[in-house]
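Visitor: sharing a sequence plus its predicted fold:
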6 protein chains.
Amino acid sequence: MPFPDLVHPAIDAYESAVQTPADFVQFWASTIAEARALGGEVSMVPAQTTLKLVEVFDVTFPGFGGHPIKGWLMLPRERSRKLPLVVQYVGYGGGRGFAHEGLHWAVSGFAYFRMDTRGQGSGWSTGATPDPVGSTGQIPGVMTKGILDRNDYYYRRLFTDGVRAVDTLIDLDFVDAERVAVCGGSQGGGISLAVAGIDDRVKAVMPDVPFLCDFPRAIRVAGRDPYLEIVRFLAQHREKAQTVFETLRYFDGVCFARRSKAAALFSVAMMDDVCPPSTVYAAFKAFAGTEKTIVEYEFNNHEGGGPFQDRQQMEWLSRRFL
Amino acid sequence: MPFPDLVHPAIDAYESAVQTPADFVQFWASTIAEARALGGEVSMVPAQTTLKLVEVFDVTFPGFGGHPIKGWLMLPRERSRKLPLVVQYVGYGGGRGFAHEGLHWAVSGFAYFRMDTRGQGSGWSTGATPDPVGSTGQIPGVMTKGILDRNDYYYRRLFTDGVRAVDTLIDLDFVDAERVAVCGGSQGGGISLAVAGIDDRVKAVMPDVPFLCDFPRAIRVAGRDPYLEIVRFLAQHREKAQTVFETLRYFDGVCFARRSKAAALFSVAMMDDVCPPSTVYAAFKAFAGTEKTIVEYEFNNHEGGGPFQDRQQMEWLSRRFL
Amino acid sequence: MPFPDLVHPAIDAYESAVQTPADFVQFWASTIAEARALGGEVSMVPAQTTLKLVEVFDVTFPGFGGHPIKGWLMLPRERSRKLPLVVQYVGYGGGRGFAHEGLHWAVSGFAYFRMDTRGQGSGWSTGATPDPVGSTGQIPGVMTKGILDRNDYYYRRLFTDGVRAVDTLIDLDFVDAERVAVCGGSQGGGISLAVAGIDDRVKAVMPDVPFLCDFPRAIRVAGRDPYLEIVRFLAQHREKAQTVFETLRYFDGVCFARRSKAAALFSVAMMDDVCPPSTVYAAFKAFAGTEKTIVEYEFNNHEGGGPFQDRQQMEWLSRRFL
Amino acid sequence: MPFPDLVHPAIDAYESAVQTPADFVQFWASTIAEARALGGEVSMVPAQTTLKLVEVFDVTFPGFGGHPIKGWLMLPRERSRKLPLVVQYVGYGGGRGFAHEGLHWAVSGFAYFRMDTRGQGSGWSTGATPDPVGSTGQIPGVMTKGILDRNDYYYRRLFTDGVRAVDTLIDLDFVDAERVAVCGGSQGGGISLAVAGIDDRVKAVMPDVPFLCDFPRAIRVAGRDPYLEIVRFLAQHREKAQTVFETLRYFDGVCFARRSKAAALFSVAMMDDVCPPSTVYAAFKAFAGTEKTIVEYEFNNHEGGGPFQDRQQMEWLSRRFL
Amino acid sequence: MPFPDLVHPAIDAYESAVQTPADFVQFWASTIAEARALGGEVSMVPAQTTLKLVEVFDVTFPGFGGHPIKGWLMLPRERSRKLPLVVQYVGYGGGRGFAHEGLHWAVSGFAYFRMDTRGQGSGWSTGATPDPVGSTGQIPGVMTKGILDRNDYYYRRLFTDGVRAVDTLIDLDFVDAERVAVCGGSQGGGISLAVAGIDDRVKAVMPDVPFLCDFPRAIRVAGRDPYLEIVRFLAQHREKAQTVFETLRYFDGVCFARRSKAAALFSVAMMDDVCPPSTVYAAFKAFAGTEKTIVEYEFNNHEGGGPFQDRQQMEWLSRRFL
Amino acid sequence: MPFPDLVHPAIDAYESAVQTPADFVQFWASTIAEARALGGEVSMVPAQTTLKLVEVFDVTFPGFGGHPIKGWLMLPRERSRKLPLVVQYVGYGGGRGFAHEGLHWAVSGFAYFRMDTRGQGSGWSTGATPDPVGSTGQIPGVMTKGILDRNDYYYRRLFTDGVRAVDTLIDLDFVDAERVAVCGGSQGGGISLAVAGIDDRVKAVMPDVPFLCDFPRAIRVAGRDPYLEIVRFLAQHREKAQTVFETLRYFDGVCFARRSKAAALFSVAMMDDVCPPSTVYAAFKAFAGTEKTIVEYEFNNHEGGGPFQDRQQMEWLSRRFL
């Protein structure tokens, strides 16, 4: 059947049962503080491209553990004053790709940064950032990498990278620190929810069919990877379910949403069997920011709104920041 | 097996057996002449977007039969003199999409036009152009639409639209008629080969994993649609093979390649089971233009070089035209 | 799970929410009237076959727009008086095939006509009838051909052909105009419901696992094509859902069923994920004719009752007409 | 790749390496003699159908082991003299079905008998004939049923049934014993080759994409069942290959073809991955009868010529027998 | 969706509607009595293996109809007194394999017998036991072998073999007749339930994700073979459903469970689409023995607990019997 | 087609073109020396199981980098003198599982050690050993983990673990250092080839359908993972092929085979599309040890000889070592 999850009106009644851990705020505060304390170097090297209308910088900044994280920074070549900033995080398996693979934010007049994803960047776009940390036995992919301990879990490092990217960019002289947005699709949406839940300097968040929300339901409803990596892990490590769910509470978009203070533009697709719509709505309902909107695509799977939603985001954020 | 077709060195020895019809030039000359004779209106309406660095026009021009064909024209907003022109044709099933879905040519300083594909534009990007012509019984898709008569074949109309797009743009005052390039991936590559074979005003052609080349081999080697639409047609209309192959000779990229006078940058993927590499090499070998280069991707299927090849194209054409 | 849709008792409570458009009758009355007004020629050419016991005619008649539509007419070679008539419409993708592909009605003593399907006839049996009308951008197949306007929709033409076939045959001197039946499986069932809903001269209708019923539910429940063509169209043309559903109301088997005056023998298969059983039951429940029966096949998918249902039909109609 | 086997010209050079066992003739002679010696009853019960133009009999005759075997006999209701006979055998998994499922031979003026297949008759058409004999451990299906001993092999019983069907029908008073043909598609083609190789009273044989030919190659080239049942058996019973191949020599269509004295009309499909074309050509080349023709379908898989080949058969046999 | 069946709490409320036939006990009593009356020879031949720590015997015993049934008997080489006995039955398609394929029971100090499965033993492990009985027309596999009559049904023979295996072993001088357990996974679990329901000498039963339970629900919920063999049979033999369900009542694990007097250790997997969990719970709830425990694996499909459950079984039975 | 690779006689002529790097010996000598120099603790904890006939130890030993590596050591409980040793490595994705999952070597009288696989152990059997080292961007799985530098490549660590396992066990007082064998299937076969190529104390090696041999051909012929992980990596990192192939030379089973001094029992499966037979034969042909035998399974895919080959191994090694 095309609809893999609840539909209206049943989906309207659903709320996530995930409980925010008592030490959730402290866990993330200390995690970010440790990363900041480690410091590390930032480099911004002008990139050689044919892209005349924009300036491109190959950026390296220190993420979790001070590990060097890459990203592309793009700016309109002609600019007169401080620019609003959009930081984009990338979907599962991909990397920052080439600068020319995502131009619409810079062309719309934003300072735009696309952060690379540590240890991924080989599946559908190239990355250049290692994840130097290993793992206990895992299912191929990153969903179960270090999942037996919240301090070792892969997404602890990746979410921290996301906050550290904002740290790196917000103080640049051409960036207006009052106009900072984060966005991303799927995993990128999950990261953006996390960053907007941790870091109040983020004023707008645009999660597109976000992943990493409401894990206990998500892994029981999703019909395809990557959530199913966790199912396969539990199918083998039959005695580890409690440990796994305990770890995941610290990384759940629902918990981050409950703490966010930004304005939000979500999207959700009702035929999405990668990020089931009930889990996206769960995060949306929990979202505690100043303002929130969700665009629903009834007949789409995980491609969601695609370029329709990009257009929505450009219009929504341009109205707000330009 | 990953390689669906010949590999080196066997592929080096392969040449297409397709014979150019005796009246090939005349067929296309009269086809184009008829379309031009019908005339029709051109409209260029500024589009409302957030894309500050480029100007976007929603263009309608008369294609085959005088039918209205859509496209996006994008220009760097700041420009001082005539611009080189890149016309891009779209892959099978897609349409022109939104303007913001392809910005790299305009951002690189080119006048850029993305032509819509009549009657397609629903598969993976949206289109807005009808094909008002019907067909004898056909396999879903356009590969066998009107295939029993070369005058009725779908691609007669589409290739003509491609030439008429050049007609429309080349005389605009901000376009330099001496620097016109056409490009496209897959079906877009096939159209660009056709246009570059018909119209000598085209100085550069960049077919990326081109489709519609060396039909007799292609339909016997391809492992996936759309070439297999023709196989399924012949599986049902068991007595029509000769008629079908006779029609296809007038639309074969190999025949167009033999007549082209442009410079060319091809790409080919050795694991491509949609557009088998021997058929791409067949067109490349036959290509009679002033200069030709091919980039081979050994480990790719039909995605080919993707953004790597985009970068190659931008560099190759910028060196040539800027 | 084997059952893709509601099962008993839940399915018993389901009724379609499709509303018959206020101008439904007028739309079809004027459509048919226009087609009749255009007139056109009928030809009946004796076909050369080895089939000694039946006479076969290759018929061409004017359908929608006066377009020539083909069909096979088969009659028992020995006949003494007027014969009851069975008109069969063909399933999605097929055509009239060869005369010898369906003999059981003529062998049972009926005048039997198998109408070709315009523009199809290449998927699983051959056809010989073009659809000379084009379309706005569409998904391969006919489900979204012209779907943005009820006047352009493909099925307006095909249903009209179905009525015009009855027009053509009913007055032949060997046909008894008081004993006319229509039938067909899947798409053929949908056409037969439409014809029986438009044309009261039809006294019996035998829709077998009918397609084209209760569209809003069908496209949300079907697991396979062709209903999913519409889903894919809406997945791309995300803003067109309302337009599409408005068009479909004029072609919904439920609306035709509400107006029929014939006797009916339906069939339905509970594991059918092409034509979900709730949509078939929706048409059956809505059927307003003189008498109705439905045969349910619990463990069948879209093959339905197959030869079991053929036998049911032969017995049911022989009792009624012979 | 669409072509799963050799194509021209390589296929032209291929000949089967199967060696006819020295006691092949004797094995079959004694097998048939034993079956005849067991005798058994024949019954012919008129069947109740709506099929006015033909008479239908539900026949039971004694096959291998005297086991009762079913079949439908159909005759033109009006007949003045002896009729030529066509015996059809059914494809893998099917049974005789209903009488009305195959009418074209009777409608063309032949006495027509469709033999049921013992123990099958549940896959795509219904049968009514048990196979009362069990088996050593086997793969689901009949391909390895009793395969470890030629006397126990399932096809020994089925081929014998095929000959015994001819025994049963040839002496009926409305049958002309000088005009007997056998035919069938796939497994039915394999049975018809066997019967025509054993029984010289058969004057014409029409094997359509025949199965059960050139086993050693077939099981190494076929891409789908049922040949692959044998591959799976050997994958498990890794030490039994020699035994299995020794058994299969006694049932190979190539060996039967070498002994036939009939005229033959074969068909072959070049994309057939169920009955690879080289194995069909192997039987055709080996065919030793009075005359032979083969119709090749280049773009078909195992559906072969379908109704095109039916038409060929009707024309070929009508010219010969009527 | 990962869960193919009911989940908690809905599954807790489910109970099978299968009614035990009035003559169920008598049917099995007379079936077993007949088999015992036929007698037959038992042989126990020492097998040549490298397995120094255990003694292996190649056993043949008379099963249903006196047919010879094989099995491996393994004993710790060093033993001082009578041993508890574990009889294991094998899953669908497999056979007894090699002795070394299952050593953990003998290594744990049990007399261990792995019974071969008549007529199977080719799918995933080898067997050596024929099923000499044939069948009416059937779907490949054994699920519909003889299904039209309870006396002919395949599982009547196989379950009887299971009881006869206990008969054979229980009186051997190194076996303690008071400590007899049966076990098996999937089909093996179904057989063990049947044997424990028929034969009160069995003191412990360990059905692992058992098959052959609650047929009416199982065939309507299962997503994969072998239950679907029955669905395919009914899809073809559309008129035989009542007959089939009547037969199956005599072979339903739910009915056997209602009569058992043993202690039981079940397992169930919530993502199992071969043996849906509701059908396993149905048998568990119906189980009438002295004591019962079920281990649930939430994230497993039909592999169930695998080696985790083996460990559970070894510990559970060692506590009980050693 | 069932055969995914060359068959006889073509496969007999094939030899790998992989060149052993000039510093291959030195690379591995220094790698092993570094690991040994790091030292680390060995622990052997008796495990609680029901397995009375064998003693089980939960072993931890220092592998590459001194990282703790787990394994199960099993010994016949009754033993009088030093035992020959068999070390088994595990296939891709799995781990050491439970002790009871592999008993046949200990039951045959060998000291048997099953080494866990760092960072895997979640796919089909459980492991308990982390891989604490991270990676540059990679495809899910370990095939491309660190592949851009031979010092970082995952298999450098895993092969070193394999040698260090031998280091750990060979000096235990119940082990006879003159009778040491290594074995494994698939990845385990690749590891065993590596260990036998590095460490001359290994006297016998039994690689079963070995993986990790003749990489340049393997990744171009394999039809399924895990070799295809490398293809997908190169499909994305289009410019890295040379670097990748340079790394792989240091890990190629062909290069290890050229240096081994052990006796070998290989197996190969001709339908294996995971480890193509030409790549296995390439290693076999290159094998330079004292004696070599290969068992070929013509009709098997990657399951190879399964229990047949286990039996071969037990007999071959028992003859040699017992």
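Guide: Thanks, I have the structure now.
Visitor: quick check: residues of the stretch 101-250 of chain A near chain F?
Guide: A:118-142, A:144, A:232-233, A:236-237 (C-beta under 8 Å from any C-beta of the partner chain). Glycine gets a C-beta too; all of them are placed from N, C-alpha and C.
Visitor: restrict those residues to those near chain D?
Guide: Counting by C-beta under 8 Å from any C-beta, no member of these is near chain D.
Visitor: show me where the stretch 101-250 of chain A has helices.
Guide: Shown for the stretch 101-250 of chain A, the helices assigned by DSSP state H, counting those that start in this stretch span residues A:104-107, A:154-170, A:187-198, A:215-221, A:227-236, A:241-248.
Visitor: the second one vs helix A:187-198, what angle?
Guide: What that stands for is helix A:154-170. Here helix A:154-170 points in a direction 70 degrees away from that of helix A:187-198 (axes from the mean of the first three to the mean of the last three C-alpha atoms, to 10 degrees).
Visitor: show me what contacts the residue nearest the centre of chain A?
Guide: Geometric centre of chain A, nearest residue: A:I191, 2.1 Å, by C-alpha atoms, centre = their mean. Applying C-beta atoms under 8 Å, 6 or more residues apart in numbering or on different chains, we find A:I191 in contact with A:89, A:158-159, A:162, A:182, A:184, A:212.
Visitor: before we move on, what about A:T126?
Guide: Contacts of A:T126 (C-beta under 8 Å, 6+ apart): A:95-98, F:137, F:236-237.
Visitor: what pLDDT does the model give it?
Guide: Note on A:T126: pLDDT of 94.
Visitor: what's the closest non-adjacent residue to it?
Guide: A:G95 (5.1 Å; C-beta to C-beta, 6 or more residues apart in numbering or on different chains).
Visitor: then A:F215?
Guide: Nearest non-adjacent residue to A:F215 (C-beta to C-beta, 6+ apart): A:L248, at 4.2 Å.
Visitor: and that neighbour, what does it touch?
Guide: So A:L248 contacts A:147, A:215-216, A:230 (C-beta under 8 Å, 6+ apart).
Visitor: kindly report the same for A:E229.
Guide: A:139-141, A:143-144.
Visitor: near chain B, which residues of the stretch 101-250 of chain A are found?
Guide: A:101, A:103-104, A:106-109, A:125.
Visitor: mind redoing it with 7 Å?
Guide: A:101, A:103-104, A:107-109 (C-beta under 7 Å from any C-beta of the partner chain).
Visitor: next, the distance between the ends of stretch A:247-257.
Guide: 17 Å (C-alpha to C-alpha, to the nearest Å).
Visitor: now that stretch, how far from the centre of its chain.
Guide: 12 Å (C-alpha atoms, centre = their mean, to the nearest Å).
Visitor: same question for it, mean pLDDT?
Guide: Rounded mean pLDDT across stretch A:247-257 is 98.
Visitor: do stretch A:35-42 as well
Guide: Mean predicted lDDT for stretch A:35-42 stands at 96.
Visitor: same thing with stretch A:57-68?
Guide: 98.
Visitor: residues in contact with it?
Guide: By C-beta atoms under 7 Å, 6 or more residues apart in numbering or on different chains, the surrounding residues in contact with stretch A:57-68 are A:35, A:38-47, A:69-73, A:118, A:132, A:157, A:160-161, A:164-165, A:168.
Visitor: related to what we said a few turns ago, out of the residues of the stretch 101-250 of chain A next to chain F, which sit inside strands?
Guide: A:131-135 (DSSP state E).
Visitor: farthest-apart pair in those, please.
Guide: The largest separation in those, counting by C-beta to C-beta, is between A:P132 and A:S135 at 11.7 Å.
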